[in-house]
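**Student:** what follows is a predicted protein model with its sequence.
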4 protein chains.
Amino acid sequence: MTVDLHLDFTSDNSSGAHPAILQAIVDANSGHAAAYGADEWTRRAERTLAEVFEREVAVFLVATGTAANALALSAVTDPWGAILCHEFAHIAADECGAPEFFSAGAKLVGLPGEAGKITPAALNDALALMPRGVVKQVQPQALSLSQASECGTLYTPAEIAALADIAHAAGMAVHMDGARFANALVALGVTPAEMSWKAGVDVLSFGATKNGALACEAVIFFDPDRAKTFAYRRKRGGHTLSKGRLIGCQMEAYLAGGLWLDLAARANARAAELEAGLAVLPGVRLPWKRAINEVFAILPKAMHARMTAAGARYHPWTPRALVPQQRPGPDEVFVRLIPSFSTDPAAVAALISAARG
Amino acid sequence: MTVDLHLDFTSDNSSGAHPAILQAIVDANSGHAAAYGADEWTRRAERTLAEVFEREVAVFLVATGTAANALALSAVTDPWGAILCHEFAHIAADECGAPEFFSAGAKLVGLPGEAGKITPAALNDALALMPRGVVKQVQPQALSLSQASECGTLYTPAEIAALADIAHAAGMAVHMDGARFANALVALGVTPAEMSWKAGVDVLSFGATKNGALACEAVIFFDPDRAKTFAYRRKRGGHTLSKGRLIGCQMEAYLAGGLWLDLAARANARAAELEAGLAVLPGVRLPWKRAINEVFAILPKAMHARMTAAGARYHPWTPRALVPQQRPGPDEVFVRLIPSFSTDPAAVAALISAARG
Amino acid sequence: MTVDLHLDFTSDNSSGAHPAILQAIVDANSGHAAAYGADEWTRRAERTLAEVFEREVAVFLVATGTAANALALSAVTDPWGAILCHEFAHIAADECGAPEFFSAGAKLVGLPGEAGKITPAALNDALALMPRGVVKQVQPQALSLSQASECGTLYTPAEIAALADIAHAAGMAVHMDGARFANALVALGVTPAEMSWKAGVDVLSFGATKNGALACEAVIFFDPDRAKTFAYRRKRGGHTLSKGRLIGCQMEAYLAGGLWLDLAARANARAAELEAGLAVLPGVRLPWKRAINEVFAILPKAMHARMTAAGARYHPWTPRALVPQQRPGPDEVFVRLIPSFSTDPAAVAALISAARG
Amino acid sequence: MTVDLHLDFTSDNSSGAHPAILQAIVDANSGHAAAYGADEWTRRAERTLAEVFEREVAVFLVATGTAANALALSAVTDPWGAILCHEFAHIAADECGAPEFFSAGAKLVGLPGEAGKITPAALNDALALMPRGVVKQVQPQALSLSQASECGTLYTPAEIAALADIAHAAGMAVHMDGARFANALVALGVTPAEMSWKAGVDVLSFGATKNGALACEAVIFFDPDRAKTFAYRRKRGGHTLSKGRLIGCQMEAYLAGGLWLDLAARANARAAELEAGLAVLPGVRLPWKRAINEVFAILPKAMHARMTAAGARYHPWTPRALVPQQRPGPDEVFVRLIPSFSTDPAAVAALISAARG
């Protein structure tokens, strides 16, 4: 392949691991260690997560975000339950039915909402249509919020709390898909606790892979009682790594010294530079206020052609995510650009330069 | 922890990765790469596996052996199917129902057999009890052979073929759980093709984790047509790593230059030394002829106490695996000792020394 | 209970069986019969269905419509498949996730559409959003059409064919939920073949319970090859009655001499009378042209109160089924009224009289 | 068919309904009734069952025994749970994996035991091999006892209690498959309470179909708290009949005036006559003491030929159910003969006469 991937803005999962995390893998590799997650790296990562979240937590490390989400949701949803989420949520649109698989057939109910966000009104509307205790209908049991959303937008802790209050009042659990939890956190400038359990989140998919790890996600239960059977679910799903130190050490290094926050800040900064550079170019339209390391832009097709010719890689995005009046015209294209923690500022500059022509 | 783990013979998954595989991870980490298994390392590993097995194959990498087994079996078994395996098989006894989960409820039928091996007679007996086409009964659809078995014993290619012939004649697919495929292969001195598809194996769980990788297994279909929907199964199971290079590069390095065979030979050699050392000690009984890197021994309790006091770690094993007349007496203990590719000959010597007292 | 249920318009399943079908049960009860559907009544019902549909068919009798739908869909949808249906379809809204359960987690995708009907445009739009062969997304595998729809409206054979053509071109199977198949058929005045396989339906849930049976539905495959494993699905779902004559004889009697068509015509006629009577009353609004034995009406609340006071029973209906401009005002209520084959014309007249006040 | 089915001893499900139960269906058919089990017949049947069992119970009627068993077990077993039962139990051998399906993949563990019965020793042995809290292994969660067993033998209340005590001490629930509950009850001469909850049974599949109904079984929870989600399971399984009166009225009539006990006594009496008649014939061997309406016999082949020639129908039975020394020789056949409540004493006499030759 001669394509220069330097200008790769397809996803933050096209990066490798941060050197410190890679080094942690190298360091952890020596010698013998207890298998199946009973190793010391995992234990330390668990303890650090308890400190990070300022409370006792039950932590389960897995290697993929889909596993984290589907397992977490299965722990709080019966097979006859409904999981309410945004209609564009990753769990609903991009996981090939994993939540249905792990929950033995629960139903995902997609809620509408601008810019990838669920509103209290939309949640209340949906709940109003789901009679409780009527056996013909699946029962609402979980609300899943994506922080950040599929549109790169964020819920403030107050917004989370408003939604969680509705969910809890309806007897539902609140799950957060935090594949980009760190990016969201530094963008909001709040604490992990404020963005999760203090706002009503019951179970969190805490992502590290996109933000500097190689394959490491944590399912975090803020009420350990809810986690009692989770070890069986994980094992039965084939998600208990025998050499568990591989993920334990990644999580330990990810958290050590606040590395995770630094990396997220870097990725976000690159996105800010990219947004700023594109915003001033003629014909570029930015549908939403950028919050994290995702830039969504409606570009003139000619600009898109120049960028592609320069070797840039990024994904077109579905216009459905836009309100009708914002949708691209015949000479425009709607795209998503994602820098990662490892994206060089020079790459951002080069991309902007290519866009400018 | 002050326990010296030097004498760790609990499992070959208590080792880290071989340095060459670790280095492959380090090397693969640089730069951007296509996600979800579309990376170049994975492509190369797939091609090498085709060469290793001397035919076109469909390959799917995953991070755990349980995932490999359960996904592979789900691809060849309907929910109303039965999977016949040895009653002690890992899939039946140690995977928390993962095959049942991934197959949506197929039934595992455990067959008896000395030293962990299924015999043609036992297979025929079981099939005779399973009427075909009778809807009250689950239908035999897969035979799963563990190579090596849970007792560390091996099927010769001729034995595999004899069983596979029966299975195929009954319309069943043949799966091989090759968590220790390499150890078995070098012990038998045959080719990968001879020990798999030439003997009738249809789908193989090809393990690398226990033999030098950190987290890397391959599901290999010898008839790619059977694999048509497998990518959906893997994704839906949460087993498609986003940074797929992590497992692609492990498999590539594992196979490169025959490393996998060298590592297996080393582990087997350590087991041979261990067996030889124990065999001559008074009171030690070895129930089966050792074949790979697993030593099963009935030890005097006093010897076991000395070994443990010296810091040795290994698992007691279920006497059920023994025929009644071999079972341990009141002053004996039945144990399994597993050296890995990384076990130092000195550790084996030290263990024997401790046993001798 | 002193409530007079004479004016019961809640559902056609609040009636008992037609006397001829009840008599068939009485007649079939004598003597011994082969169990599990191997009885002669079932055989005769299967043959008659082949005649009714003018082709070879594979027929499986079950006792409930939910079983028929969920089992039928499971036979044509993989766990990673999507079933496209109207957003108000019974399978999506009223079966507690049974299709998800029987399919091991397939996803139901609800399509919008006025008056309960899917349009080719809506189907094409949905398919355009479902990339084929992308493992992150569930794959469209079945289109389920409700004939009649949840709004009591009908697809003409040409409309069915237009949708089926799109579905087949996309590699999907076409299922029809025919819980009120007979009512639809006589309303359209077409043949069973024209309303099913000639229009592209692959598998049909053929209802009898609502139209005169007590508990009897048939799953009919027009391509028997698709039905090869269905007997296992039915048995495993607990839907193979041991005394199968109970459902076999109902189906036989239901079809004998065209009883099923007579009963449907009766129920439809009662609905026509009801519609005609309500239509002329001041303040009554009828949102859709009635087609079968379901009358949907927006009533003045005062009228509703008079009807209820007279002992009438019927269900309020969700205003979501109406386009916004039709939705009930503060002094109105939206209701569904269903006469059955057994509804006396006098009951209809009494209801209209009560409505008139 | 010219075969005379008068001598049908294949199964008690080859009979129709008892006239009183058939009449109940006829009577219940008139007029309108609430759907989905909210009807008055079902309410009365529930109340009567509470009286019959002398305590508050949660009752759910379904149409098949497989549904009753699989749904009941799913309510007390997690997907990673194990259900311990006799190796020949109907749930393990004759339901096509229904328990696995409804439980989302739990594992059935078959225990050995003479004459179809589990012993405390066998249960303790099995539990000793199932470590609690080890995530590699499925966890024992339910014990299922068949009363009567597949061999027609019975557990005394004391025997049930001994097994239930072990199960409860291990944290398991106790299920009873009472497809022939009535036959067992009258044979033992105890009360329904003594044979169920007083002996430790937590959930019962209470059969009526084989003993005089057409299609009616009840799942009975003795602790209604365990039944909280059962209505969703039943609906989702397609087992909630819309015209629920059909099964409600059968159960009501089955229990009314002790009809169920009379019918069971009749069937048992026919079996006693059959056993007595066969016992005195040369060459006939009866492996177990008959308890209910099932006679198991090892017959000379010549006798078997005479019986068959006389039009008798019954099933050969698996010699596996016999201890080796009892198994049929080359000139013998092992058979099961089941008279039902409706079997005429003359039919039994004719069968014996044919056997005598």
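**Tutor:** Okay, I see it.
**Student:** and the strands in the stretch 201-350 of chain A?
**Tutor:** Taking DSSP state E, counting those that start in this stretch, the strands of the stretch 201-350 of chain A run over residues A:203-207, A:217-221, A:295-300, A:315-316, A:332-337.
**Student:** show me what the third one is packed up against.
**Tutor:** Meaning strand A:295-300. Where contact means 3 or more C-beta pairs under 8 Å, 6 or more residues apart in numbering or on different chains; DSSP states H and E, strand A:295-300 is packed against helix A:259-279, strand A:332-337. Glycine gets a C-beta too; all of them are placed from N, C-alpha and C.
**Student:** need these in JSON lines (columns: mean pLDDT).
**Tutor:** Putting those into JSON lines (pLDDT from 0 to 100) gives the following:
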{"stretch": "helix A:259-279", "mean pLDDT": "98"}
{"stretch": "strand A:332-337", "mean pLDDT": "98"}
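**Student:** who touches residue A:213 in this structure?
**Tutor:** A:17, A:18, A:21, A:250, A:251, A:254 (C-beta atoms under 8 Å, 6 or more residues apart in numbering or on different chains).
**Student:** for it, give me the pLDDT.
**Tutor:** Confidence at residue A:213, expressed as pLDDT, is 97.
**Student:** low pLDDT regions in the stretch 101-250 of chain A?
**Tutor:** Applying pLDDT under 70 to the stretch 101-250 of chain A picks out no residues at all.
**Student:** which residues in it form helices?
**Tutor:** Assigned by DSSP state H, counting those that start in this stretch, the stretch 101-250 of chain A shows helices spanning A:120-128, A:157-169, A:181-188, A:230-236, A:245-255.
**Student:** got a PyMOL select line for the buried ones in the contacts of residue A:213?
**Tutor:** Selection of buried members from the contacts of residue A:213 for PyMOL, criterion 16 or more other C-beta atoms under 10 Å in any protein chain shown:
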select buried, chain A and resi 17+18+21+250+251+254
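**Student:** of the contacts of residue A:213, which is the nearest to chain C?
**Tutor:** residue A:17 (22.6 Å; C-beta to the nearest C-beta).
**Student:** chain D contacts on the stretch 151-300 of chain A?
**Tutor:** A:229, A:231, A:232, A:233, A:234, A:235, A:236, A:240 (C-beta under 8 Å from any C-beta of the partner chain).
**Student:** ranking these by neighbours, who comes first?
**Tutor:** Counting neighbours by other C-beta atoms under 10 Å in any protein chain shown, residue A:236 leads those with 28 neighbours.
**Student:** give me the nearest residue to that one, chain neighbours excluded.
**Tutor:** residue B:96 (4.3 Å; C-beta to C-beta, 6 or more residues apart in numbering or on different chains).
**Student:** now tabulate the helices of the stretch 101-250 of chain A in TSV and tack on distance to residue B:173.
**Tutor:** As requested, those are exported to TSV (distance: least, C-beta to C-beta, whole Å):
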stretch	distance to residue B:173
helix A:120-128	44
helix A:157-169	45
helix A:181-188	42
helix A:230-236	22
helix A:245-255	32
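**Student:** go ahead and confirm residue A:222 touches residue A:204.
**Tutor:** Yes. Between residue A:222 and residue A:204 there is a contact under C-beta atoms under 8 Å: 7.5 Å.
**Student:** who touches both of those two?
**Tutor:** residue A:196.
**Student:** looking at these two, which is more packed in?
**Tutor:** A count of neighbours by other C-beta under 10 Å puts residue A:204 above the other of residue A:222 and residue A:204, at 29 against 21.
**Student:** hey, what's the more buried one bridged with?
**Tutor:** residue A:176, residue A:220 (DSSP bridges).
**Student:** check contacts around it.
**Tutor:** Here residue A:204 is in contact with A:72, A:175, A:176, A:178, A:181, A:196, A:218, A:219, A:220, A:222 (C-beta under 8 Å, 6+ apart).
**Student:** recalculate using a threshold of 7 Å.
**Tutor:** A:176, A:178, A:196, A:220 (C-beta atoms under 7 Å, 6 or more residues apart in numbering or on different chains).
**Student:** nearest to chain C, of these?
**Tutor:** Closest to chain C, out of all of those and judged by C-beta to the nearest C-beta, is residue A:178, at 19.0 Å.
**Student:** in TSV: the helices and strands packed on strand A:295-300, plus mean neighbour count and distance to residue C:327.
**Tutor:** Output for those, formatted as TSV (neighbours: other C-beta atoms under 10 Å in any protein chain shown; distance: least, C-beta to C-beta, whole Å):
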stretch	mean neighbour count	distance to residue C:327
helix A:259-279	21	42
strand A:332-337	21	34
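**Student:** take those and write them to TSV, including distance to residue B:299.
**Tutor:** Converted to TSV, the helices and strands packed on strand A:295-300 look like this (distance: least, C-beta to C-beta, whole Å):
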stretch	distance to residue B:299
helix A:259-279	47
strand A:332-337	62
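**Student:** my guess is residue A:87 contacts residue A:109. True?
**Tutor:** No. Counting by C-beta atoms under 7 Å, residue A:87 stays clear of residue A:109, with 8.9 Å between them.
**Student:** so for stretch A:162-177, first residue to last residue, what's the gap.
**Tutor:** Stretch A:162-177 has an end-to-end distance of 17 Å (C-alpha to C-alpha, to the nearest Å).
**Student:** how about the residues of the stretch 151-300 of chain A next to chain D, which pair is most distant?
**Tutor:** A:229 and A:240 (13.7 Å; C-beta to C-beta).
**Student:** list the contacts of residue A:188.
**Tutor:** Residue A:188 neighbours (C-beta under 7 Å, 6+ apart): A:154, A:156, A:195.
**Student:** derive a PyMOL selection command for the buried subset of those residues.
**Tutor:** In PyMOL syntax, the buried subset of the contacts of residue A:188 is picked out as below (16+ other C-beta under 10 Å):
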select buried, chain A and resi 154+195
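**Student:** got the contacts of residue A:188 as TSV, with distance to residue A:169 columns?
**Tutor:** As requested, these are arranged in TSV below (distance: C-beta to C-beta, whole Å):
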residue	distance to residue A:169
A:154	23
A:156	20
A:195	21
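**Student:** closest to residue A:283 out of the contacts of residue A:188?
**Tutor:** Nearest member of the contacts of residue A:188 to residue A:283, counting by C-beta to C-beta, is residue A:154, at 27.2 Å.
**Student:** wait, doesn't that closest one sit right on residue A:148?
**Tutor:** Yes. Using C-beta under 7 Å, residue A:154 is in contact with residue A:148, at 5.4 Å.
**Student:** need the overlap of contacts for these two.
**Tutor:** Common neighbours of residue A:154 and residue A:148 (C-beta under 7 Å, 6+ apart) are A:184, A:291.
**Student:** Three-state assignment for residue A:61, please.
**Tutor:** Put simply, residue A:61 is strand when judged by DSSP: H, G, I helix; E, B strand; the rest coil.
**Student:** what's around the nearest residue to it once chain neighbours are set aside, how many residues?
**Tutor:** If the residues on either side of it in the chain are set aside, residue A:61 comes closest to residue A:247, at 4.5 Å by C-beta to C-beta, 6+ apart. Per other C-beta under 10 Å, the neighbour tally for residue A:247 reads 32.
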